[in-house]
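K.L.:
Need a 3D model of the sequence below.
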Amino acid sequence: MGIISQNLKYLRKKQNLTQQQLADNLNVKRAVIGAYEEDRAEPKTELLIKMANLFSISVDEFIGERINDKWFAKKEKASEEEKNNPTGGLRILSITVDSDSNENIELVPAKASAGYMNGYADPQYVAELPKFHLPFLKGGTFRAFELKGDSMLPLEPGTIVVGEYVENFNDIKSGETYVVLSKDEGIVYKRVTNKIKENKRLMLASDNKIYETYSIQAEDVLEVWKAKAFISTSFPTPSVEPSLEKLTEMVEQLQKTVIKLKTND
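P.N.:
You can find the predicted model right below:
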């Protein structure tokens, strides 16, 4: 039985509706509902939207997930957890402002990483961190972290990464880079390669491929900052290898030369 047919039959019975009653609610014939539940036909998009709205679920859930008692129990639990912890596992943090009430960007130097692990939730500790402003970063809460180690080359050790605070686990996106503060790993700058919502786990990878990808549980995450800018005293070195465009140009020029030589012969 297909997902749509199974879900439709389950949801109809869960709401104690007969096929005729459901058909009346959707303004279709009872035989149409029977065809859908027996997997002999599939509803069009417009009707799918009506069904999803009737059952108070999303269309994506209706057509993509096996809906049953276990599914509902899991969803209710997640909803309760979100109600009790609206930040999705991440907390509201302490900030500092200047004399004009503009938020500062606090800097966490590499040598202060261990101290930040202990004092990140202490407003007094945060207030003592170095502070600065970047005029092109507006509309969020930002913090800067000095990198140590070579796991994120080509960003050199000593580079300062400025991150925007992420309030909710669900806002973390695969493929983006983040500064992650966690109980076991401390402060790391990594690329999120996969976010698994079911058990709230992050897969973190280094851009330097000699380092292995690893995972951390969301419950161990203390802070997450999405990388928005970096400051470095190391300038990029020019590439010694020609670009694809340059190589194509060289080949074309060589072909013209060969043709010209043949013509002269």
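K.L.:
just how off-centre is the longest helix seen in the chain within its chain?
P.N.:
Longest helix in the chain, counting residues (DSSP state H): helix 244-264. A distance of 47 Å separates the centroid of the chain from that of helix 244-264, by C-alpha atoms, centre = their mean, to the nearest Å.
K.L.:
pLDDT on that helix, on average?
P.N.:
For helix 244-264, mean pLDDT rounds to 74.
K.L.:
And for stretch 36-52?
P.N.:
For stretch 36-52, mean pLDDT is 90.
K.L.:
again, but for stretch 150-168
P.N.:
Stretch 150-168 comes out at a mean pLDDT of 92.
K.L.:
got the end-to-end distance for that stretch?
P.N.:
Counting by C-alpha to C-alpha, to the nearest Å, you get 29 Å between the two ends of stretch 150-168.
K.L.:
That one: which residues count as buried?
P.N.:
By neighbour count on 16 or more other C-beta atoms under 10 Å, the buried set for stretch 150-168 is 151-153, 155, 159-167. (Glycine included, C-beta is placed from N, CA and C.)
K.L.:
for stretch 127-137, same thing?
P.N.:
Leu129, Lys131.
K.L.:
Neighbours of the residue nearest to Leu26 when sequence neighbours are not counted, how many?
P.N.:
Nearest residue to Leu26 in three dimensions, chain neighbours excluded: Lys50, at 5.6 Å (C-beta to C-beta, 6 or more residues apart in numbering). Lys50 has 15 neighbouring residues, counting by other C-beta atoms under 10 Å.
K.L.:
what's the answer for Leu261, then?
P.N.:
Residues near Leu261, counting by other C-beta under 10 Å: 9.
K.L.:
and it, how far is that from Leu254?
P.N.:
Here Leu261 is placed at a distance of 11 Å from Leu254 (C-beta to C-beta, to the nearest Å).
K.L.:
Low-confidence ranges, the stretch 51-200 of the chain, go.
P.N.:
Applying pLDDT under 70 to the stretch 51-200 of the chain flags the ranges 78-92, 196-199.
K.L.:
what about 80?
P.N.:
Applying pLDDT under 80 to the stretch 51-200 of the chain flags residues 60, 75, 77-93, 195-200.
K.L.:
so where do the strands sit in it?
P.N.:
105-108, 131-132, 142-146, 160-165, 177-182, 186-196 (DSSP state E, counting those that start in this stretch).
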